[in-house]
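S.K.: all I have is the shape, not the residue letters:
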DNA sequence: AATGAATGAGGGTTCATTCAT
DNA sequence: AATGAATGAACCCTCATTCAT
């Protein structure tokens, strides 16, 4: 259930000033505009160049710049909106892994996290960011941290992971892994190996 | 002898089109300017923002823009010049490790490579780049690759490293490691641990 | 009716990639800005120096550079916009001449074409250009070519023009004539004579 | 004898401050440098782009910028030096035509003048210029004017040329002719025709 | 809500020219 | 004489952002 975001744990938070990566409700045309902008942004970001100029974005999305700014007041908000699907998928994978009895959850998290970053350029930016701009990105990263914590705990108990590995290490290493994969030729080939290396490296002892 | 670059044989080689990260000889004032630009560039790159505008650079270096362009026709050339010292140090470490009898060479390479990247922001950019812009950066990266190859061979023979690890994997993982370290709070603390993890992960078996 | 450009049929044509020398409709303030830029550009071009720097243009027109670029993405587009009035006048003259019964049409075309070039520095640039940048400049040059073709046909029939003269020769000779007039002292005096010479030279026989 | 420039009519003029398109005597290496610069400049000017940046020129000529400036203090001086050969050839043609008994001299001048302009881009610039920068360019243009005057006189007497054609008209029309030829496809084809047209147009009556 | 015109700071790059070596 | 390093004005162009319509 990847989309229960708005029914998530934090029950009745004070309405924050922080922007939403996904507004609760939207006029039909506004929703369509928003979707067009996101699609165009994903396309631009996926391009080899990879920049994300608001004017160009507006033009390729077929809307005015003002509309882009209405939906995404800062680039960070836009990035988080772009990353939302991937981040949710990662959270879902982590929560599933946390719920599983077996101790292979960490592997699932790493493989999924790497695959998603290679698919979705914005996800890396969000993983690397110190601080999310949107409240529900924060909610997701908190869920991620919590689920990864559980996964790590179980793995640690099973003797599969060193004692000194925290959820934030997983975030960082996952991000670094994607950078390692992306800075050379071939992306699929090294991915599996690098995850193997990382998993093996995270085991206790030496 | 890691630094015999300038002692190469042919005294009057055909002028190559590829720019040099470090020209062989320079008028005294030109050398001073060049050093000032490099110093200013290092400062700018080390700043939290981390951009590197040529005109700002010129101003803070106290020279005209044209002077910056004369010395560094492209940003990539500038980056490689900035990275040259660090890259040389890394090559030296790798060659020393290759010459060593003991099998701990890989560890030295990784620790040094990570430390240097954290010190010198340009080194990461050069490690990540597919293709160097300057001939002697290429020479250095080739020496690095070769030395790391020897280090890996010895380690593999000693049973310390998996079969499927190539020098290019070391380059990529080293770069990714620096990204992992840099995308969160604290840089010293995780560095040692992450190198441990990587070393352990590179060992054979699983 | 030489000016039915804007009265074309299709109300919602597919947006063409080619820039328009004159956009169909414009917000009031945009139209004013555009006119100011054109006025300033004409002034700069008419100056003895005759260059046309975009930033200077913006300043003298009292708008931002971006506004100049919005209206005129390239210098060629700007030139064509500057030349539009003159080119239209020339087309009108040629079409009138084509409609006339009498055989003196060519003379009118040459005199008008020369006079307009001397008045409007951009017209020469457009006449000299191989390929227009804007769709409606192209439309105008095509109308010009067609009308001049008719004029030539009639004149040829009347025995006033050599067989081997095509509309493109008229374009080139007209441009060359303006250069000849402009590269020396006095512009009115030689103009009439040079047109006489050209007309006489275009007559059959030898 | 195209190279008797320095032995020309003006017998003992006061030494002028104006630069010489060709210095009387030169150290051997200086002469070689000068020739290299001229060759490189001709190449640059002949390129489709056709600009003439001093720095680039110096580099392609294999000399320092300072050397270029020593030989050619202004761009105009350089242009005149580039045009010198062509201009001399034109002067020679005109003087030959002036010496001839027959009345076809004007045709030779026009054909030669057009051909030389198409060969040598700098010649057009010199023909178009109001005022030469170098004393011996001036000497040449004066010889040209004088010879063309004689040619015209003879032609006029023979009834081949209108009364109101002066040498300066020939200069301007010749320049304009080259512009007309150069602003379209094909250069050889129209050249002959356009000279015919001009010759015919210059005949008396109508 | 949406639009898109306008802005202008900002960064990029070139090149004519000077001058110390 | 020659060199070429240095200069910096001058242009180029983009793009984030605002705001009137």
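M.R.: Structure's in. What do you need? Note that the coordinates shown come from a computational prediction; the quantities given were computed from them, not determined experimentally. Numbering: from 1, shown residues only, chains lettered A, B, ... in the order given.

S.K.: next one: phi and psi at the closest residue to residue A:62 other than its chain neighbours?
M.R.: Once flanking residues are discounted, residue A:62 sits nearest to residue A:36: 6.1 Å by CB to CB, 6 or more residues apart in numbering or on different chains. All C-beta atoms are positioned from the backbone trio N, CA, C, and that covers glycine. Torsion angles at residue A:36 (phi, psi; degrees, to the nearest 10) stand at phi -60, psi -40.

S.K.: please, where are all the helices along chain A?
M.R.: Along chain A, counting by DSSP state H, helices occupy A:28-46, A:54-61, A:65-71, A:75-99, A:105-119, A:121-128, A:135-157, A:167-182, A:188-202.

S.K.: from the middle of its chain, how far away would the fourth one be?
M.R.: The one in question is helix A:75-99. 4 Å (CA atoms, centre = their mean, to the nearest Å).

S.K.: how about the fifth one?
M.R.: Taking CA atoms, centre = their mean, one finds helix A:105-119 lying 10 Å from the centre of the chain it belongs to.

S.K.: per-domain residue ranges of chain A.
M.R.: Following automatic domain parsing, one gets these domains for chain A: A:23-73, A:74-206.

S.K.: of all the ones you listed, which one is nearest residue C:140?
M.R.: Proximity to residue C:140 (CB to CB) singles out domain A:23-73 among the domains of chain A, at 28.1 Å.

S.K.: straight-line length of the closest one, end to end?
M.R.: 13 Å (CA to CA, to the nearest Å).

S.K.: need the mean per-residue confidence for that domain.
M.R.: Here domain A:23-73 scores 92 as its mean pLDDT.

S.K.: can you confirm whether that domain lies near DNA strand E?
M.R.: Yes. Counting by CB under 7 Å from any atom of the strand, DNA strand E is contacted by domain A:23-73 at A:26-27, A:29-30, A:33, A:55, A:58, A:63-67, A:69-71.

S.K.: what is the most widely separated pair among those residues?
M.R.: Most distant of the residues of domain A:23-73 next to DNA strand E, by CB to CB, are A:27 and A:55, 24.1 Å apart.

S.K.: for the most centrally placed residue in chain A, give me its contacts.
M.R.: Nearest to the geometric centre of chain A sits residue A:87, at 3.0 Å (CA atoms, centre = their mean). Residues near residue A:87 by CB atoms under 8 Å, 6 or more residues apart in numbering or on different chains: A:123, A:126, A:137, A:140, A:141, A:144.

S.K.: let's go with 6 Å and repeat that
M.R.: Residues in contact with residue A:87, defined by CB atoms under 6 Å, 6 or more residues apart in numbering or on different chains, are residue A:140.

S.K.: show me the shaky parts of chain A.
M.R.: For chain A, the stretches with pLDDT under 70 are A:1-18, A:24-25, A:206.

S.K.: how close does the residue of chain A found nearest DNA strand E sit to chain C?
M.R.: Nearest residue of chain A to DNA strand E, counting by CB to the nearest atom of the strand: residue A:66, 2.1 Å away. As for residue A:66, its distance to chain C is 14 Å (criterion: CB to the nearest CB, to the nearest Å).

S.K.: I figured the residue nearest to residue A:62 hits residue A:64, correct?
M.R.: No. Residue A:36 is not in contact with residue A:64 according to CB atoms under 6 Å; the separation is 11.7 Å.

S.K.: comparing those two, which shows the higher neighbour count?
M.R.: Each of residue A:36 and residue A:64 has its neighbours counted (other CB atoms under 10 Å in any protein chain shown); residue A:36 has more, 18 against 12.

S.K.: number of nearby residues for the residue of chain A found nearest chain D?
M.R.: Of all residues in chain A, residue A:49 sits closest to chain D, at 27.1 Å by CB to the nearest CB. Neighbourhood size, residue A:49 [other CB under 10 Å]: 8.

S.K.: for it, what are phi and psi?
M.R.: Main-chain torsions, residue A:49, degrees, to the nearest 10: phi -60, psi -60.

S.K.: what's the answer for residue A:48, then?
M.R.: The phi/psi pair for residue A:48 (degrees, to the nearest 10) reads phi -50, psi -40.

S.K.: so how far is residue C:37 from it?
M.R.: Separation of residue A:48 from residue C:37 (CB to CB, to the nearest Å): 36 Å.

S.K.: name the residue in those two with the higher neighbour count.
M.R.: residue C:37 (25 against 4).

S.K.: got the contact list for the more buried one?
M.R.: By CB under 6 Å, 6+ apart, the residues touching residue C:37 are C:61, C:68.

S.K.: ok, now the one 3 residues further on?
M.R.: By CB under 6 Å, 6+ apart, the contact set of residue C:40 is C:57, C:60, C:61.

S.K.: state the distance from it to DNA strand F.
M.R.: Computed as CB to the nearest atom of the strand, to the nearest Å, the residue C:40 to DNA strand F distance reads 13 Å.

S.K.: tell me how many other residues crowd the closest residue to that residue other than its chain neighbours.
M.R.: Residue nearest to residue C:40 in three dimensions, not counting chain neighbours: residue C:61, with 3.8 Å by CB to CB, 6+ apart. Neighbour count of residue C:61, defined by other CB under 10 Å: 21.

S.K.: tell me which residues of stretch A:57-77 are tucked away?
M.R.: By neighbour count on 16 or more other CB atoms under 10 Å in any protein chain shown, the buried set for stretch A:57-77 is A:57, A:58, A:60, A:61, A:63, A:67, A:68, A:71, A:72, A:76, A:77.

S.K.: and that stretch, anywhere near DNA strand F?
M.R.: Yes. Interface with DNA strand F: stretch A:57-77 contributes A:65, A:66, A:69, A:74, A:75 (CB under 7 Å from any atom of the strand).

S.K.: quick one: end-to-end distance for that stretch.
M.R.: End-to-end span of stretch A:57-77 (CA to CA): 14 Å.

S.K.: show residues contacting that stretch.
M.R.: A:19, A:33, A:34, A:36, A:37, A:40, A:41, A:54, A:55, A:78, A:133, A:134.

S.K.: can you go through those residues and name the buried ones?
M.R.: Buried subset of these (neighbour count, 16+ other CB under 10 Å): A:19, A:33, A:34, A:36, A:37, A:40, A:41, A:78, A:133, A:134.

S.K.: max pairwise distance over those: which two?
M.R.: Most distant of these, by CB to CB, are A:36 and A:133, 21.5 Å apart.

S.K.: tell me the contacts of the closest residue to chain C within chain A?
M.R.: Residue of chain A nearest chain C, by CB to the nearest CB: residue A:55 (10.2 Å). The neighbours of residue A:55, taking CB under 6 Å, 6+ apart as the test, are residue A:65.

S.K.: wait, residue A:109 sits on residue A:92?
M.R.: No. Shown here, residue A:109 and residue A:92 do not form a contact pair, counting by CB under 6 Å, at 10.7 Å.

S.K.: who has more neighbours, those two?
M.R.: Using other CB under 10 Å as the criterion, residue A:109 and residue A:92 rank with residue A:109 on top: 25 against 18.

S.K.: close to DNA strand F: what parts of chain A are there?
M.R.: Checking chain A against DNA strand F by CB under 7 Å from any atom of the strand, the hits are A:51, A:52, A:53, A:54, A:55, A:56, A:65, A:66, A:69, A:74, A:75.

S.K.: just flag the most distant two among those residues.
M.R.: Distance extremes for the residues of chain A next to DNA strand F: the farthest pair is A:51 and A:66 at 20.5 Å, using CB to CB.
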